[in-house]
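> I need the structure of the sequence given here:
(one chain, ligands or ions: 1)
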Amino acid sequence: MSQTSTYTVSGMTCAHCVASVQEEVTEVAGISDVDVDLASGRLVVTAVGPIDDDAIQAAVEEAGYQLEGTGSTP
Ligand code: 9UX
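Numbering: from 1, shown residues only. Down below sits the predicted model:
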């Protein structure tokens, strides 16, 4: 069974930003599908097994952006 997790990415301002996030997150182990919406910043990740939130966050940061709702304050 696959599962999905939804996150919000801040800082994306153009389609290339979206492509960067998509590329990095797709490389996370076990991830089978990644959907990124520029307007809302919504990131939906699909995987066959458990989704490692820390790995997703690291991938987003690797692309040059931040996840909202992670860290100390919302
Ligand atoms: Mo265009 Mo997106 O410079 O970071 S790629 S805004």
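
> Could you use CA atoms for every contact and neighbour count after this?
Will do.

> pLDDT at the residue most central in space within the chain, what is it?
Residue closest to the mean C-alpha point of the chain, counted by Cα atoms, centre = their mean, is residue 43 at 4.9 Å. Note on residue 43: pLDDT of 97.

> quick one: which helix or strand includes it?
Using DSSP states H and E, residue 43 sits within strand 42-47.

> ok so, going back, surely the residue nearest to the centre of the chain is in contact with residue 4?
No. Using Cα atoms under 8 Å, residue 43 is not in contact with residue 4; the gap is 10.1 Å.

> how about the strands in the chain?
3-10, 31-36, 42-47, 66-68 (DSSP state E).

> contact partners of the shortest one?
What that stands for is strand 66-68. Identification of contacts with strand 66-68 by Cα atoms under 8 Å, 6 or more residues apart in numbering yields 7, 8, 9, 10, 11, 57, 60, 61, 74.

> and that strand, which strands flank it?
Using DSSP bridges, the strands paired with strand 66-68 are strand 3-10 (antiparallel).

> ok and the strand it pairs with relative to strand 42-47, angle-wise?
Relative orientation of strand 3-10 versus strand 42-47 (axes from the mean of the first three to the mean of the last three Cα atoms, to 10 degrees): 150 degrees.

> in strand 3-10, what counts as buried?
Of the residues in strand 3-10, those buried under the neighbour-count criterion (16 or more other Cα atoms under 10 Å) are 4, 7, 8, 9, 10.

> Could you do stretch 54-65 as well?
56, 57, 58, 59, 60, 61, 63, 65.

> show me the contacts for the first one.
Pointing back at residue 56 there. 25, 28.

> how close does it sit to residue 68?
In this view, residue 56 and residue 68 are 12 Å apart by Cα to Cα, to the nearest Å.

> what mean pLDDT does stretch 57-71 have?
Mean predicted lDDT for stretch 57-71 stands at 89.

> how about it against the ligand, any contact?
No. Against the ligand, stretch 57-71 shows no contacts by Cα under 6 Å from any ligand atom, the least distance being 8.1 Å.
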